[in-house]
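Q: sequence first, then the predicted structure, then my questions.
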Amino acid sequence: MDAIEREAEELLRYRAELGRRLARAGVADVGALLDLYQQLRGALGALSAQEIEWARTKAERLIEELERLGAQLGDVRRLKDRLAG
């Protein structure tokens, strides 16, 4: 019986520690953590892999265009500085 009591006490201590860790992460308890997990699964399930890849590709292209624009603007600035100097 002592072994069962010790194991139960260990489990209770772990539960309390788990609760403290979750609280530090902004989660009320294990039930709230499971709710968040289900919410995340539902949100991710609403997006297809193809849709995510399409958006990622578009974002990468936009970044490339903005980098080119930034380089061109740098060229314009240097040209202006040379003409002014």
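A: Arrived safely. Numbers count the residues shown, from 1 in each chain.
Q: separation between E17 and R24?
A: Look at E17 and R24: by C-beta to C-beta, to the nearest Å, they are 11 Å apart. In this view, the C-beta of every residue, glycine as well, is placed from N, C-alpha and C.
Q: again, but for K58
A: Where R24 is concerned, K58 sits at a distance of 37 Å (C-beta to C-beta).
Q: check A55 too.
A: 33 Å.
Q: equivalent analysis for L62, please.
A: According to C-beta to C-beta, L62 and R24 sit 37 Å apart.
Q: cool, L34 as well?
A: Distance, L34 to R24, by C-beta to C-beta: 18 Å.
Q: compare the two (neighbour count), which wins?
A: The neighbour count for L34 versus R24, taken as other C-beta atoms under 10 Å, is higher for L34 (11 against 8).
Q: ranges for the helices of this structure?
A: Ranges of helices in the chain, per DSSP state H, are 2-24, 30-45, 49-84.
Q: what residue spans form the domains of the chain?
A: 1-46, 48-85 (automatic domain parsing).
Q: include mean pLDDT when you put these into a markdown table, please.
A: Listed next are the domains of the chain as a markdown table, based on pLDDT from 0 to 100:
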| stretch | mean pLDDT |
| --- | --- |
| domain 1-46 | 94 |
| domain 48-85 | 96 |
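Q: neighbours of L83, just the number please.
A: Counted by other C-beta under 10 Å, the residues lying close to L83 total 7.
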